[in-house]
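**Student:** Give the three-dimensional model of this entry:
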Amino acid sequence: MTITDLLIPTCRNMLATLRGLLDTAAAQLGGEAADALMAARLAPDMYPLATQVRFACVQAQEGPLRLMGRSLDPIQPLLDEGRCAGERPGTLADARVRIDEALAFLDTLPADALDGEPGDAPMAVTLPMGLTFDLTRLAFARDWAIGQFYFHVLAAYAILRANGVAIGKKDYVRHMFAYVRQPAAG
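**Tutor:** I've put the predicted structure just below:
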């Protein structure tokens with residue numbers, strides 16, 4: 001399995017899940033009540049739903065950008081928007097647009113986009129607060145990019161669930177239904 005095979009389908013599947021969760025919230029609550037969820041938090045010191053969605057979209061793009069050795073400048077506005085989402089959470093429709101934009105980015109990547117260097121090639125990741133991780137490209141994809149991405153998707157799921165949206169595991173793993181074995185004919 002290549003790094004592209006690991007990371008890109010994972011992000012695509014879970015962004016589609018996140019969009020579906022927001023669609024479910026909109027259908028169940030409608031209008032202003034659904035949009036009010038964008039400011040909801042699991043805990044006072046956690047980011048709101050609006051930020052969790054935006055950061056999931058950032059992570060879906062940051063991993064590939066870093067692995068391709070590209071600048072993170074294209075995702076900086078989305079990152080800034082996410083950091084300010086506590087004051088300006090926007091609407092569910094805004095969040096769906098961000099998800100669609102992240103999916104569109106993933107659609108632009110060639111089938112081998114992240115596979116130009118071996119998985120064991122070294123990679124350094126420096127965070128804004130100055131902390132630097134020295135890891136391999138595969139460790140970055142597996143341990144950082146996917147982990148960070150899932151954290152924000154799961155936080156969004158938990159915020160929705162904690163605020164009365166009737167969702168469950170089947171909504172979170174909807175992509176798995178493509179693999180359900182069909183009963184034998186007869």
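**Student:** Where does Ala166 fall, secondary structure wise?
**Tutor:** Assigned by DSSP states H and E, Ala166 falls within no helix or strand.
**Student:** Now it: closest residue in space that isn't a chain neighbour?
**Tutor:** Distance criterion CB to CB, 6 or more residues apart in numbering; nearest residue to Ala166, sequence neighbours excluded, is Gln28 at 6.2 Å. C-betas here are computed from N, CA, C, even on glycine.
**Student:** Report the contact partners of the one you found.
**Tutor:** Ala34, Val165, Ala166 (CB atoms under 8 Å, 6 or more residues apart in numbering).
**Student:** can you give me the helices in this structure?
**Tutor:** 3-29, 31-36, 49-67, 76-83, 92-107, 137-139, 146-162, 169-172 (DSSP state H).
**Student:** Would you mind measuring from the residue nearest the centre of the chain to Leu15?
**Tutor:** The centroid of the chain falls nearest to Ala56 when counting by CA atoms, centre = their mean (2.9 Å). For Ala56, the distance to Leu15 equals 7 Å [CB to CB, to the nearest Å].
**Student:** list the residues that contact both of those two?
**Tutor:** By CB under 8 Å, 6+ apart, the residues touching both Ala56 and Leu15 are Ile99, Ala102, Val153.
**Student:** what would those residues look like in a markdown table with neighbour count?
**Tutor:** Shown next, in a markdown table, are the shared contacts of Ala56 and Leu15 (neighbours: other CB atoms under 10 Å):
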| residue | neighbour count |
| --- | --- |
| Ile99 | 21 |
| Ala102 | 25 |
| Val153 | 24 |
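**Student:** quick one on the thing from earlier: which among the contacts of Gln28 count as buried?
**Tutor:** Ala34, Val165 (16 or more other CB atoms under 10 Å).
**Student:** For the contacts of Gln28, give me CSV that also has pLDDT and distance to Ala93.
**Tutor:** Shown next, in CSV, are these (pLDDT from 0 to 100; distance: CB to CB, whole Å):
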residue, pLDDT, distance to Ala93
Ala34, 93, 10
Val165, 97, 16
Ala166, 97, 21
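**Student:** ok, so of the contacts of Gln28, who is nearest Ala50?
**Tutor:** Ala34 (12.4 Å; CB to CB).
**Student:** is it true that the closest one touches Ala25?
**Tutor:** Yes. Taking CB atoms under 8 Å as the definition, Ala34 is a contact partner of Ala25 at 5.2 Å.
**Student:** where does the chain have low pLDDT?
**Tutor:** Counting by pLDDT under 70, the chain contains no low-confidence range.
**Student:** swap the cut-off to 80 and go again
**Tutor:** Within the chain, the segments meeting pLDDT under 80 span 186.
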